[in-house]
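Novice: Here is my input, please return the structure:
(2 chains)
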Amino acid sequence: MAVEPTRDRGGPAMKRLALFAATCLVLAAAVAGCGGGGTDSSGGGEFEAEANAACTKANQRVAALPVPEGKSQLLPYVEDNESIVEALGHEIGGFGGSGEAVEGYLAGLEESAQVLNEMSNAARSENPGAVGELANQLAEIHLAQLAKAAGLDDCAKAPAVQP
Amino acid sequence: MSARRFAPLLVLLVLTAGAVGIARATTGNTTGFPPPKVIVPAATADPFEGRYLLTEVGKGANVRSGEMKVELSDNSEGPAFLVGGLQLYEYNSAGRLEIGLFSLYPFAEATGGVAAPLLSQGVGQTTLGRIKLLSPSNATELKGELTLHSSGPFPIVFKRLSEDHAINGSPPPAKQLKETSEEPEAPGWGASAAEYEGEYELTDTAPDPASEAAILAPVIVVAQRFGAEGVPVSGGTMTATAGDSPSAELSLEAGGETSTYYLTDLAWRGDQRVAQVHSGSISGPIVGGFEGRQAGGSLKGTLEAEGARYDLAFERTS
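Specialist: Predicted structure coming up:
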């Protein structure tokens, strides 16, 4: 009775193992690629955690601002918002995130700071009507949508202002 | 060089010339008019020369704010003559602001002052209204009447500005004057309870602009409170009650918050509806007022409360 060489029985098993290993490598490479190389990348979990924490702190600072009850209190309120938003943009920009969505959110913060600067100037000129009209421009930036697209859920939240 | 190669340069020059013209015309064109057939005598005309800011205007004119400049134009063939420019921020039929630029020419003497047609600017100078200015009784104020787009005349009041006073291209809203001095006095919002008692729902609701604004939401809500267009309302209901002391309870959703106001002293005259606005309760402090007009089951008006203005349109549901 002929005995088949053991290597012939083990050959298909080895091939299956090699195929499985290769598949794992391809999948691992694909997963790694999703986290780091595409145009929508954000720089990974560390960036998101840092940016979300910065947004939470900035929201707390906005929520703590005294809400103006008269036109005379409008200028310091708008100025404080301007400096908080500007600082938030600089802070998140320094965390090293990348990709179109992150850049879009950072551009939204920069545009917001510019409009807030115009609002400050209008309030300084005692022109609350223009401040109100510029607020519409601010709303059209849709900053929450930009934050969500960048995967920054906490940055999409509004400050919890106490009535 | 062929004519075809000249064409882009020609277009650029025309556009550049147009852009310069627009940039300089902040209150309308006041130059380039020939001497009119009849010139307002200097004794009458001189006090009108100056820059002005619109401070009060009749509500029906649908004008938010405005500026005016009146000049004495040099005339090599005779005495100087009045010519002016007027810039108005008007509400169009959709309620949106549009800028109207008008030339004021030719001025003529009118009872108590001077008057001029409002000419549109551009290729065809169409007459779109008329302004009458009363001889100023003091150095700071100028009163008159405005007829615009075949409506009016509406009362107008201007404040004189110094030449170096900057408005930054956005004059502040003028006070809206009531169309009639006769205030509604009859109690309630109609001759019988059946005309107004019941439930109302807001029909002109708009998405909350601050809902997608993240960190910007609070400053948007605050700024809109001070703006001329009022605070956008995303929802609301009202319950009107007749009886000895007609009143209404109003719930408004705006800026991500729900506010409740209590309306008392409901009064009416014709289609006019007014009320006092309280916060907290029906006997709480008065924080503003409501003025509106009712036509059948629809009630449109403006509520001013706690420094904020809301433009509201209700439909009666029961």
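
Novice: What segments of the stretch 1-150 of chain B are helices?
Specialist: With DSSP state H, counting those that start in this stretch as the criterion, the stretch 1-150 of chain B has helices at B:3-24, B:42-45.

Novice: Comparing these, which yields the minimum mean pLDDT?
Specialist: The minimum mean pLDDT among the helices of the stretch 1-150 of chain B belongs to helix B:3-24 (a mean of 36).

Novice: which stretches of the stretch 1-150 of chain B have low pLDDT?
Specialist: B:1-31, B:93-95, B:123-124 (pLDDT under 70).

Novice: What residue in it comes nearest to chain A?
Specialist: The stretch 1-150 of chain B approaches chain A most closely through B:S65 (7.0 Å), counting by CB to the nearest CB. Using the backbone N, CA and C atoms, a C-beta is placed for each residue, glycine as well.

Novice: Look up how far A:A63 lies from whichever residue of the stretch 201-318 of chain B sits closest to chain A.
Specialist: Going by CB to the nearest CB, chain A is nearest to B:G227 of the stretch 201-318 of chain B, at 1.4 Å. The gap separating B:G227 from A:A63 is 22 Å, by CB to CB, to the nearest Å.

Novice: Mind checking which of the two has more residues around it?
Specialist: For B:G227 versus A:A63, the count of surrounding residues by other CB atoms under 10 Å in any protein chain shown is larger for B:G227: 22 against 15.

Novice: Grab the nearest non-local neighbour of that one.
Specialist: Leaving out its chain neighbours, the residue that sits closest to B:G227 by CB to CB, 6 or more residues apart in numbering or on different chains is A:G132, at 1.4 Å.

Novice: Pop the domain breakdown of chain B in here.
Specialist: Here the domain parsing of chain B from automatic domain parsing is B:27-177, B:186-316.

Novice: Same list, these, but as a markdown table with distance to A:S72 please.
Specialist: Formatted as a markdown table, the domains of chain B follow (distance: least, CB to CB, whole Å):
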| stretch | distance to A:S72 |
| --- | --- |
| domain B:27-177 | 15 |
| domain B:186-316 | 11 |
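
Novice: To A:Y77, which of those domains lies closest?
Specialist: For these, proximity to A:Y77 was assessed by CB to CB; domain B:186-316 is nearest, at 6.3 Å.

Novice: now do the same end-to-end measure for the closest one.
Specialist: One end of domain B:186-316 sits 21 Å from the other (CA to CA, to the nearest Å).

Novice: Now for residue 138, how many residues are close by?
Specialist: Since you didn't name a chain, this refers to chain A. With other CB under 10 Å as criterion, A:L138 counts 25.

Novice: Chain B is the one I meant
Specialist: Considering only other CB under 10 Å, B:N138 is surrounded by 7 other residues.

Novice: and it, what does it touch?
Specialist: Going by CB atoms under 8 Å, 6 or more residues apart in numbering or on different chains, B:N138 touches no other residue.

Novice: So what does it have for phi and psi?
Specialist: Per-residue torsions, B:N138: phi -150, psi 180 (degrees, to the nearest 10).

Novice: measure it to B:A45 for me?
Specialist: 18 Å.

Novice: got it, and B:G243?
Specialist: 60 Å.

Novice: The two: which is more packed in?
Specialist: B:A45 (19 against 10).

Novice: Work out for me the element the closest residue to chain B within chain A sits within.
Specialist: Proximity of chain A to chain B (CB to the nearest CB) peaks at A:G132, 1.4 Å away. Element membership for A:G132 (DSSP states H and E) is helix A:128-139.

Novice: who's in contact with that helix?
Specialist: A:71, A:74, A:78, A:112, A:115-116, A:118-119, A:122-123, B:64-65, B:168, B:170, B:172-173, B:209-210, B:212-213, B:216, B:219-220, B:223-229.

Novice: again, only this time at 7 Å
Specialist: Here helix A:128-139 makes contact (CB atoms under 7 Å, 6 or more residues apart in numbering or on different chains) with A:71, A:74, A:78, A:112, A:115, A:118-119, A:122-123, B:170, B:172-173, B:209-210, B:213, B:216, B:220, B:223-224, B:226-229.

Novice: What mean pLDDT does that helix get?
Specialist: 86.

Novice: got the buried residues for it?
Specialist: For helix A:128-139, a neighbour-count test (16 or more other CB atoms under 10 Å in any protein chain shown) marks A:128-136, A:138-139 as buried.

Novice: before we move on, back to that, correct me, but the residue of the stretch 1-150 of chain B closest to chain A touches B:Q176?
Specialist: No. With contact defined as CB atoms under 7 Å, B:S65 does not count as touching B:Q176 (10.6 Å).

Novice: More neighbours: the two, which one.
Specialist: B:S65 (23 against 17).

Novice: Up against chain A, what does chain B have?
Specialist: B:168, B:170, B:172-173, B:209-210, B:212-220, B:222-224, B:226-229, B:257 (CB under 7 Å from any CB of the partner chain).

Novice: can you rerun that using 8 Å?
Specialist: B:64-65, B:166-168, B:170, B:172-173, B:209-220, B:222-229, B:256-257, B:307 (CB under 8 Å from any CB of the partner chain).

Novice: In strands, which of the residues you listed fall?
Specialist: B:64-65, B:257 (DSSP state E).

Novice: Pick out whichever of these sits closest to B:T55.
Specialist: B:S65 (9.2 Å).
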